[in-house]
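>>> Test case, fold it:
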Amino acid sequence: MKKLLTLTGISLVLLASCKKIEGDNKNLDPDNETVEEMMSTNPNSFWEYESNENDHFIRKPTGTKQMMNEREWDFYEATDQNTDWITPEYFAKNKDKYVMLLDLEGSQQEYIEVIVYKENPKVGDKFNNTHKMSVSGINVDLLIESEVISINETFNYPNGTIEGVTVIKNKLKGKTGITPYIDCGSAYLYFKKGIGILKMDIDISILSFYNREYTDTLLDYYIEEDENEE
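Numbers count the residues shown, from 1 in each chain. Got it, this is the predicted structure:
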């Protein structure tokens, strides 16, 4: 997942040209809450994924918290099963939104807070994320427009079927200066509350010089209940 989200950020930044928009991610509460209702924070839980590019990784909670961007996050690690490379990941709940930290450059130095899911989603619910950064002295505006397009999707994976899956469509855009936003493609995210992220499907097309289709999908998962749960 980290690889995909980093790709999304870098692809938007590559725009040479693309009404100011203030994203919902700029109006979060100062304090985050735990993400445990959405996806387990128990370190004995795991989620296993593979991609269309032969990536194979396992996400696991560490069971710990970390402070990033002056907020507290549930800390996870995604381990590449081919290289043993470990990518840190950060998730939290903020009011009725679920958020994560997006590593734009893959350097684990500059993270932005991105809303990825909404509590009690309804078809037609919308939210967006924005970010401004400088690339080679040029100010670049990034925009992700998100909409809930399904809350009753059926998701099949090798060990079974998951019902009642929420699908969120994310339209990716970018611009410089006062030029209009340019469409850069889309990303579909599949969620199931209590399980977590099931699938990410990204199709990016930037002018004539960058195109990529990437999908990762759930192979297996295990949710360990906390000892204090009945």
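>>> Skip ahead from the longest strand that the chain contains and say which helix or strand is next.
With secondary structure taken from DSSP state E, the chain has its longest strand at strand 138-157. Next helix or strand after strand 138-157 toward the C-terminus (DSSP states H and E): strand 160-176.
>>> Pairing partners for that next one, with directions?
Using DSSP bridges, the strands paired with strand 160-176 are strand 138-157 (antiparallel), strand 182-192 (antiparallel).
>>> quick revisit: next, the buried residues of the longest strand of the chain.
Buried residues in strand 138-157, defined by neighbour count with 16 or more other CB atoms under 10 Å: 140-146, 148, 150-151, 153, 155, 157. The way it works is simple: take the backbone N, C-alpha and C, and place the C-beta from them, glycine included.
>>> Just name the closest of these to N69, please.
Comparing the buried residues of strand 138-157 against N69 with CB to CB picks out L142 as the nearest, at 16.4 Å.
>>> correct me, but the closest one touches K132?
Yes - between L142 and K132 there is a contact under CB atoms under 8 Å: 7.4 Å.
>>> Run through this protein and note the low-pLDDT ranges.
The chain contains residues with pLDDT under 70 at 1-20, 104-107, 134-138, 206-210, 227-230.
>>> all strands for it, in order.
For the chain, applying DSSP E gives strands covering 46-51, 56-68, 71-80, 86-94, 97-103, 111-118, 126-135, 138-157, 160-176, 182-192, 196-206, 210-222.
>>> picking that back up, show me which of the buried residues of strand 138-157 is closest to D96.
Comparing these against D96 with CB to CB places V148 closest, at 12.5 Å.
>>> The closest one against F127, yeah?
No - taking contacts as CB under 8 Å, V148 lies outside contact range of F127: 9.0 Å.
>>> joint contacts of these two?
Shared contacts of V148 and F127, defined by CB atoms under 8 Å, 6 or more residues apart in numbering, are found at K118.
>>> what's near enough to touch the most centrally placed residue in the chain?
Centrality entry for the chain: nearest residue to the mean C-alpha point is V116, 5.5 Å, by CA atoms, centre = their mean. Applying CB under 8 Å, 6+ apart, we find V116 in contact with 98-100, 146, 168, 189, 191.
>>> Roughly how far does it sit from S186?
V116 sits at a distance of 14 Å from S186 (criterion: CB to CB, to the nearest Å).
>>> now the angle from the longest strand of the chain to strand 126-135?
If you take axes from the mean of the first three to the mean of the last three CA atoms, to 10 degrees, strand 138-157 sits at 140 degrees to strand 126-135.
>>> Can you tell me how far Y76 is from S45?
Distance from Y76 to S45, by CB to CB: 10 Å.
>>> what sits in contact with each of these two?
Common contacts of Y76 and S45, defined by CB under 8 Å, 6+ apart, comprise 60-61.
>>> So these two - more neighbours on which side?
Remark: of Y76 and S45, Y76 carries more neighbours, 28 against 20, as counted by other CB atoms under 10 Å.
>>> Who are the contact partners of that one?
Y76 sits in contact with 59-62, 88-91, where contact means CB under 8 Å, 6+ apart.
>>> what's the neighbour count on the residue nearest to it when sequence neighbours are not counted?
Distance criterion CB to CB, 6 or more residues apart in numbering; nearest residue to Y76, sequence neighbours excluded, is E89 at 4.2 Å. Using other CB under 10 Å, E89 is surrounded by 21 other residues.
>>> From E119, how far out is E89?
From E89 over to E119 the distance is 20 Å, taken as CB to CB.
>>> Same check on E213?
In this view, E213 and E119 are 30 Å apart by CB to CB.
>>> got it, and L142?
Applying CB to CB to L142 and E119 gives a distance of 25 Å.
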